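Asker: When you get a sec, could you give me coordinates for this:
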Amino acid sequence: MSLDMDLTVSPIGTVIGDMDLSGGKGISQEGNSFAPLIDRTDLRGICYANRPAEEPPAGHGCGLRRDHTKGRMQAAELSTDCPAQTVRVTGRQVPQCLDIGLPGDISRGAFWMALAAPQVGSRMILRHIDLNPARLSFVDTLLRMGVAIREEVIFCDGKDWFGNLDIRGRSLRPIQIAPKDIPLLIDEIPLLAVLAGKAKGVSSIRGASALRTKKNDGIAAIVTNLKKMDVRVEEFSDGLAICGTGHLRGAELDSFGDHRIAMAFAIAGLLAEENMTVIRNAECLVMSYPDFQPGLLKLMDRSSCVLGA
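Answerer: Alright, predicted model coming up:
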């Protein structure tokens with residue numbers, strides 16, 4: 001099973017384990033629990049695919065997560081059950097064809113929201129965005145930090161929510177992100193750490209130890225880059241505390257091969273008050289979000305941030 005560059009440095013041990021539990025067989029090509037994955041079963045897909053089973057396979061310890069995949073499965077008339085932090089999917093099901101619209105990805109829109117959020121007097125409108133309530137935790141967090149956001153729902157059928165977000169920049173308040181908040185914010189933690197540096201006061205992020213197992217050590221990467229931007233940071237095993245002053249200083253930073261680190265600190269570079277920011281090893285953006293750099297160039301003074309190899 002061939003994967004893009006970003007996925008080939010991601011741990012897949014849990015995927016292999018789940019395949020084994022479902023009666024399949026998968027092995028890492030290099031024997032090290034990292035992609036690429038060699039599929040030794042008759043599985044022929046990733047989304048909506050499961051091996052015919054007499055007992056419904058289950059995933060445990062799920063907790064509250066972004067549920068858009070579950071919603072699509074239900075729309076395709078696939079039976080799912082989610083009792084007590086468990087997801088159960090019955091085998092021998094055939095998904096029905098869907099005629100659906102695809103809204104903008106709010107996880108990508110988060111970077112543009114973050115650019116506007118701390119700039120007093122700024123305004124940004126994101127149109128035709130996915131407004132599924134389970135995907136709005138980042139928006140809720142910006143509201144807690146003092147950002148003014150107006151939500152306009154233009155379509156809702158009970159499963160899908162599309163609409164617009166109108167963001168107006170404000171002076172940011174520090175934020176406390178607890179372990180219970182992490183499942184719905186894990187991908188936005190680098191971005192929130194940058195915004196915490198722009199807030200005045202001490203912010204904390206705890207319960208994010210999963211970032212240490214994503215590609216490279218995400219927590220260490222965030223701490224390293226923030227310190228280079230003159231932000232006081234204390235590192236913990238499961239997170240960090242950020243003493244924000246409202247100011248960032250441009251610096252030479254590293255993506256550490258993580259596209260979210262690259263994008264978060266590119267936004268930080270635009271928000272910095274002095275010096276140019278250079279993001280090294282930014283080629284990871286090519287596969288994950290190829291339109292990010294062109295979009296960035298439309299919004300920035302080209303002398304303030306450079307994405308480089």
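
Asker: which regions of this structure sit below the pLDDT cut-off?
Answerer: Counting by pLDDT under 70, the chain contains low-confidence ranges at 1-71, 83-87, 100-101, 157-159, 214-215, 300-309.

Asker: okay, now the domains of it?
Answerer: With automatic domain parsing as the criterion, the domains of the chain are listed as 7-89, 106-307.

Asker: Which one, of the ones you listed, ends up nearest to Cys97?
Answerer: When the domains of the chain are ranked by distance to Cys97, counting by CB to CB, first place goes to domain 7-89 at 7.9 Å. Using the backbone N, CA and C atoms, a C-beta is placed for each residue, glycine as well.

Asker: Gln96 should be in a strand, yeah?
Answerer: No. The assignment for Gln96 (DSSP: H, G, I helix; E, B strand; the rest coil) gives coil, which keeps it out of a strand.

Asker: can you count the residues close to it?
Answerer: Burial of Gln96 is recorded as 9 neighbouring residues (other CB atoms under 10 Å).

Asker: likewise Ala241?
Answerer: Under the neighbour criterion other CB under 10 Å, Ala241 is assigned a count of 17.

Asker: Relative to Pro174, how far out is it?
Answerer: Remark: distance between Ala241 and Pro174 (CB to CB, to the nearest Å) = 10 Å.

Asker: can you tell which of the domains of the chain is closest to Pro95?
Answerer: For these, proximity to Pro95 was assessed by CB to CB; domain 7-89 is nearest, at 3.9 Å.

Asker: Quick check: Pro290 vs Val194, distance?
Answerer: Look at Pro290 and Val194: by CB to CB, they are 22 Å apart.

Asker: Now do the strands in the stretch 51-200 of the chain.
Answerer: Counting by DSSP state E, counting those that start in this stretch, the stretch 51-200 of the chain forms strands over residues 58-60, 80-81, 86-89, 123-130, 148-156, 161-168, 176-177, 200-205, given from the N-terminal end onward.

Asker: between the fourth one and strand 148-156, how many degrees?
Answerer: Using axes from the mean of the first three to the mean of the last three CA atoms, to 10 degrees, the inter-axis angle of strand 123-130 relative to strand 148-156 is 30 degrees.

Asker: Assess the claim that Ser203 and Glu234 are in contact.
Answerer: No. Under the criterion of CB atoms under 8 Å, Ser203 is not in contact with Glu234, lying 11.0 Å apart.

Asker: of the two, who's got more company?
Answerer: Using other CB under 10 Å, the more surrounded residue of Ser203 and Glu234 is Ser203, with 22 against 12.

Asker: Now do the contacts for the more buried one.
Answerer: Shown in contact with Ser203 (CB atoms under 8 Å, 6 or more residues apart in numbering): 174-177, 196, 241-242, 244.

Asker: can we see that at 7 Å?
Answerer: Ser203 sits next to 174-176, 196, 242, 244 when contact means CB atoms under 7 Å, 6 or more residues apart in numbering.

Asker: Restrict those to the buried ones and give me that as a PyMOL selection.
Answerer: Paste this into PyMOL to select the buried members of the contacts of Ser203, with burial taken from 16 or more other CB atoms under 10 Å:
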select buried, resi 174+175+196+242+244
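
Asker: okay if I get the domains of the chain as CSV plus distance to Pro95?
Answerer: Shown next, in CSV, are these (distance: least, CB to CB, whole Å):
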stretch, distance to Pro95
domain 7-89, 4
domain 106-307, 15
